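Trainee: heads up, no residue letters with this:
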């Protein structure tokens, strides 16, 4: 039997709810879709009792609400192709990095999204221009002959109809979505999970089944379908 792999929506620093889910469900692994709440210079991140007790490997991509300045520093220090430990059993997955699951399937992580609330935030403190997916991020993607089975991102390609019509104009203007469309057409994954929109939804684009996950605590958690191995 394969591992039980939980797909977790936006955490936004809610370690209590995160650990309640992990302790109750006891998954073997967690893949998280960004807005994890990585603010290492803030005491609530460094000294969270709940997060420090985590015993389950958790891998997250960056959302728009993260400390991108410090994330970029981590990538310079450790490289951008492998998991980077940021806490007990908690790993940041840089944009374009690959995680190979125990059953052999390959998961591509590519975080980033535009903040619709950036005018209410302070540049360099709780908003960073690096939240956007840049051309250099796409240059870090694996080669075209790499088989990508699953994508974990924060935002999503333009091809995915993810929110009610009243929000479509707001999120369609996010330049990151066009970047993710390039990822979609390059790798043609079978599964794609994302968050950002706080809206439970799902669908299919050609051969790719996609799922938009709500914030943790606002809807059900989901599990990755088990592989064939």
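Mentor: Structure's in. What do you need? What you see is a predicted model, and the numbers here were worked out from it, not measured in a lab.

Trainee: so where is this protein shaky, pLDDT-wise?
Mentor: 1-2, 163-172, 228-229 (pLDDT under 70).

Trainee: that one: helices as residue ranges?
Mentor: Assigned by DSSP state H, the chain shows helices spanning 15-25, 43-46, 49-52, 68-78, 135-139, 165-172, 175-187.

Trainee: so which of the ones you listed is nearest residue 201?
Mentor: Nearest of these to residue 201, taken as C-beta to C-beta: helix 165-172 at 11.3 Å. Placement of C-beta: from N, CA and C, glycine included.

Trainee: check contacts around the residue nearest to the spatial centre of the chain.
Mentor: Relative to the mean C-alpha position of the chain, the nearest C-alpha, by C-alpha atoms, centre = their mean, is the one of residue 33, at 2.5 Å. Residues in contact with residue 33 (C-beta atoms under 8 Å, 6 or more residues apart in numbering) are 7-10, 60-61, 63, 152-154, 193-196, 213.

Trainee: which of the residues you listed lies closest to residue 79?
Mentor: Using C-beta to C-beta, the contacts of residue 33 come closest to residue 79 at residue 61, 16.0 Å.

Trainee: is it true that that closest one touches residue 153?
Mentor: Yes. If you go by C-beta atoms under 8 Å, residue 61 and residue 153 touch, sitting 6.3 Å apart.

Trainee: neighbour count winner among the two?
Mentor: Higher neighbour count among residue 61 and residue 153: residue 153, with 31 against 28, using other C-beta atoms under 10 Å.

Trainee: looking at strand pairing, list the partners for the more buried one.
Mentor: residue 110 (DSSP bridges).

Trainee: understood, closing this out.
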